[in-house]
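**Q** Return atomic coordinates for the entry below.
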Amino acid sequence: MSMHEVADFVFSFTSKGLASTLTVPVTIPLSTTVEDLAYRLILAHNLPCYVEADLQKKLDIFVTSETFKLHDATAEAALARVQSGEVEVDDLVEQWTKAFTQEVKMYAPPEKTSKEQEFSEVYHALIHSPSLETLLNLEHQYAIAVEDVLRARDKDLAGLEKKQTAAMNRAVEDVGITSTDEAVNKLAQKHFENTQSRENHWAQELSNLKETQKQEYKDWVMKVHEDTAKSSHGTASFIQRVRTLSNSAMESGVTLGQDDHVMSDARLEESFTIHLGAQLKTMHNLRLLCANVLDLCKHKPNKIGGVVVPQPQRLQTAMSLYSNSLCGLVFLVDNRLNSYTGLKREFAKVCQQSTDFHFPDLEHQFQTIEQDVIRANEWRLQQKLAEDGDKISVQSTGSSSSEFSQKEEKMNRMHTGDFYITKHSNLSEVHSVFHLVSDDNVRSSDISSRHPVIMGIRNILKACFRHDIHTLTIPLLLAHDMSEEMTIPWVLKRSELVFKCVKGFMIEMATWGGSQSRTIQFLVPKGLSEEMFATLSSNLPQIFRVKNPLVVKS
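**A** A predicted model of the protein is given here:
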């Protein structure tokens with residue numbers, strides 16, 4: 001039966017001593033209000049204005065009555081279908097249950113906490129308890145096991161490469177005597193296949209080890225939490241569990257050196273406190289530091305007499321992992337989403353040195369980001385086609401298959417100023433890494449504040465203000481290493497540009513309601529001289545408003 005019907009509304013009235021009758025079809029249920037329909041009838045049929053009240057009253061009675069009749073008829077038809085077996089009762093109950101649980105809050109099932117969310121809450125509670133040192137020691141034991149596998153892998157691959165090089169040299173020397181060019185090519189192909197097979201073997205072994213460690217670590221954290229929650233004297237059970245796990249790690253060959261003592265290299269640092277804003281001032285911290293960008297990522301524990309003493313930065317990073325005060329790093333990369341060359345490869349090695357117990361590894365994050373890059377480039381292409389119109393479509397009709405493949409390859413490439421974010425819990429001083437796409441043009445001395453890399457830093461600051469990243473490290477010279485073109489005037493001009501742009505961006509972001517204190521670290525390459533570092537340190541207070549103490553002379 002239809003959920004709608006049409007009924008004739010009959011309205012009688014007297015005008016100038018003459019009786020008149022109006023008959024109009026009305027769709028039930030009414031899709032508008034009774035008042036609106038009455039005004040439409042008066043206007044469409046030129047009815048006198050004094051019948052408005054009587055028309056609305058009778059129309060309201062008519063609509064209400066016909067609506068009740070339609071609902072009753074619909075209900076009777078539905079019951080008849082159930083009684084005749086046309087509709088299954090179980091299906092009807094399932095539909096009503098689904099409708100109530102999805103639409104009515106009191107019948108909705110309680111929101112379930114995911115395993116990842118539960119683990120994060122438990123970890124955050126344990127890391128702020130006396131078990132902090134034990135958690136970090138356990139992570140270090142796992143890291144040593146991973147380093148042993150990496151060391152064995154590098155040794156195996158180096159030995160294989162040495163053997164293959166010697167065999168290839170002998171084959172090349174014997175060409176024309178006991179060997180041929182075809183034999184050399186076959187030998188090269190065999191060496192390549194052997195190397196690929198050996199690398200895949202070690203990659204699989206490393207992946208299995210990390211997955212096992214991650215599962216054991218999560219199980220251990222949850223069991224310790226259960227022990228402490230079940231008993232008020234959970235400390236004894238907790239210590240016993242830690243000792244058992246530590247002994248099993250020692251028996252499996254994970255040992256700590258007795259005289260190992262890792263000393264981190266001293267780095268130049270200078271800190272400032274500034275105020276930004278005209279009327280409502282906000283205090284921020286600025287830090288100028290000279291270091292290698294990977295030093296902020298490498299985990300360098302101190303081992304004294306077999307006891308692991310984590311660095312203070314590592315402690316702070318672990319304690320703020322699930323907090324509203326995260327740390328970020330701007331890492332300059334090229335437009336390809338991989339970790340095969342340059343600093344990207346070194347960064348991937350740092351991430352690979354230990355297991356990330358909270359986030360996917362770098363390669364899995366790259367796979368997810370790649371899909372987002374393709375979607376972003378498709379959106380850009382659609383916008384460009386919409387702007388250029390027929391000109392682009394005419395040019396594209398004459399494109400060859402090679403041009404199409406090149407366009408398809410470009411869909412995986414990013415543009416200068418784009419950035420993608422990776423999350424980490426196994427780095428020293430960083431939670432989130434902003435991989436900012438840069439190019440060789442950034443080394444020019446005449447870039448402006450509208451350069452794509454500068455605008456990328458603006459977008460990164462916007463993301464930090466929106467997502468509780470309170471500490472951000474920015475490469476002051478927009479480069480991670482020193483080069484020949486970086487003369488003294490070049491460094492001074494570039495630093496002044498970045499200082500002023502970052503100040504303007506921070507003032508702009510403060511208008512979003514970001515009144516919390518932030519820490520901005522300006523990173524300069526390690527090869528910078530101490531004299532130039534002192535010059536930059538003296539230039540910073542001239543651009544930012546530095547808080548100075550008030551000196552009262554008596």
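**Q** Okay, now the unreliable bits of the protein?
**A** The model of the chain has pLDDT under 70 over residues 1-2, 107-111, 231-265, 278-279, 301-313, 389-409, 512-514, 546-554.
**Q** where exactly do the strands run in it?
**A** Taking DSSP state E, the strands of the chain run over residues 5-15, 18-28, 268-276, 282-290, 302-304, 307-309, 326-333, 419-423, 432-437, 469-475, 519-524.
**Q** Leaving aside the residues adjacent along the chain, what's closest to Leu362?
**A** Spatial nearest neighbour of Leu362, excluding adjacent residues (Cβ to Cβ, 6 or more residues apart in numbering): Cys351 at 4.8 Å. All C-beta atoms are positioned from the backbone trio N, CA, C, and that covers glycine.
**Q** what separates the one you found from Lys384, distance-wise?
**A** Going from Cys351 to Lys384 by Cβ to Cβ, to the nearest Å gives 35 Å.
**Q** In this structure, where's the longest helix?
**A** Counting by DSSP state H, the longest helix found in the chain is helix 181-230.
**Q** so how far is Pro29 from Thr67?
**A** Thr67 sits 5 Å away from Pro29, going by Cβ to Cβ.
**Q** can you check Glu116 too?
**A** Distance from Glu116 to Pro29, by Cβ to Cβ: 47 Å.
**Q** cool, Ile447 as well?
**A** Distance from Ile447 to Pro29, by Cβ to Cβ: 66 Å.
**Q** And these two? Which one has more around it.
**A** When Ile447 and Pro29 are compared for neighbours, Ile447 comes out ahead with 17 against 13, by other Cβ atoms under 10 Å.
**Q** wait, what's in contact with the more buried one?
**A** Asn441, Val453, Ile454, Leu497 (Cβ atoms under 8 Å, 6 or more residues apart in numbering).
**Q** before we move on, back to that, so what's the residue count around the residue nearest to Leu362?
**A** Cys351 - counted by other Cβ under 10 Å - has 20 other residues nearby.
**Q** His424 is in contact with that one, correct?
**A** Yes - counting by Cβ atoms under 8 Å, Cys351 touches His424, with 6.5 Å between them.
**Q** and for the two, which residues touch both?
**A** Cys297.
**Q** shouldn't Leu150 be in contact with Cys351?
**A** No - when contacts are counted by Cβ under 8 Å, Leu150 is not listed as touching Cys351 (11.9 Å).
**Q** Look at Thr113 and say how many residues are nearby.
**A** Per other Cβ under 10 Å, the neighbour tally for Thr113 reads 10.
**Q** ditto for His191
**A** His191 has 17 nearby residues by other Cβ under 10 Å.
**Q** so who does it touch?
**A** By Cβ under 8 Å, 6+ apart, the contact list for His191 reads Gln164, Ala167, Met168.
**Q** any idea how far Leu138 is from the second one?
**A** I take that to be Ala167. Ala167 is 44 Å from Leu138, by Cβ to Cβ.
**Q** neighbour-wise, which of the two wins?
**A** Leu138 (22 against 13).
**Q** just to revisit the earlier point, among the contacts of His191, name the ones in helices.
**A** Gln164, Ala167, Met168.
**Q** will you turn those into JSON lines that also has distance to Ser517?
**A** Formatted as JSON lines, those follow (distance: Cβ to Cβ, whole Å):
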{"residue": "Gln164", "distance to Ser517": "57"}
{"residue": "Ala167", "distance to Ser517": "62"}
{"residue": "Met168", "distance to Ser517": "61"}
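**Q** which one of those residues is nearest Cys464?
**A** Comparing these against Cys464 with Cβ to Cβ places Gln164 closest, at 47.8 Å.
**Q** Next, work out how far apart the closest one and Lys298 are.
**A** Applying Cβ to Cβ to Gln164 and Lys298 gives a distance of 31 Å.
**Q** how long is stretch 167-184 from one end to the other?
**A** End-to-end distance for stretch 167-184: 10 Å, by Cα to Cα, to the nearest Å.
**Q** List the buried residues for stretch 8-18?
**A** For stretch 8-18, the neighbour count (16 or more other Cβ atoms under 10 Å) marks Phe9, Phe11, Phe13 as buried.
**Q** again with stretch 317-335
**A** 317-318, 320-322, 325-334.
**Q** Can you name the two of these that sit furthest apart?
**A** Tyr322 and Asp334 (32.4 Å).
**Q** What residues does Val330 make contact with?
**A** Taking Cβ under 8 Å, 6+ apart, one finds Phe419, Phe434, Leu436, Ile457, Ile460, Leu472, Thr473, Ile474, Pro475 in contact with Val330.
**Q** Please report how far it lies from Ala203.
**A** On the measure of Cβ to Cβ, Val330 and Ala203 end up 29 Å apart.
**Q** same question, Ala229
**A** Distance, Ala229 to Ala203, using Cβ to Cβ: 39 Å.
**Q** try Thr317
**A** Applying Cβ to Cβ to Thr317 and Ala203 gives a distance of 27 Å.
**Q** still on that earlier bit, most surrounded residue in the contacts of Val330?
**A** Looking at the contacts of Val330 with neighbours defined as other Cβ under 10 Å, the largest count falls to Phe434 at 26 neighbours.
**Q** Surely that one is in contact with Lys423?
**A** No - contact criterion Cβ under 8 Å: Phe434 and Lys423 do not qualify, at 11.0 Å.
**Q** Tell me which residue is most central in the chain.
**A** With distances taken as Cα atoms, centre = their mean, Ile421 lies nearest the centre of the chain, 5.2 Å away.
**Q** tell me which residues form a beta bridge with that residue?
**A** Phe434 (DSSP bridges).
**Q** what residues are up against it?
**A** Taking Cβ under 8 Å, 6+ apart, one finds Ser432, Val433, Phe434, His435, Ala463 in contact with Ile421.
**Q** State the number of residues packed around the first one.
**A** Put plainly, it is Ser432. Going by other Cβ under 10 Å, the residues that sit close to Ser432 add up to 19.
**Q** okay but it is in contact with Leu321, surely?
**A** No - assessed by Cβ under 8 Å, Ser432 is found out of contact with Leu321, at 10.9 Å.
**Q** Can you give the distance of stretch 283-298 from its chain's centre?
**A** Chain-centre distance of stretch 283-298: 22 Å, with Cα atoms, centre = their mean, to the nearest Å.
**Q** buried residues in that stretch?
**A** Buried, per 16+ other Cβ under 10 Å, within stretch 283-298: 284, 286-298.
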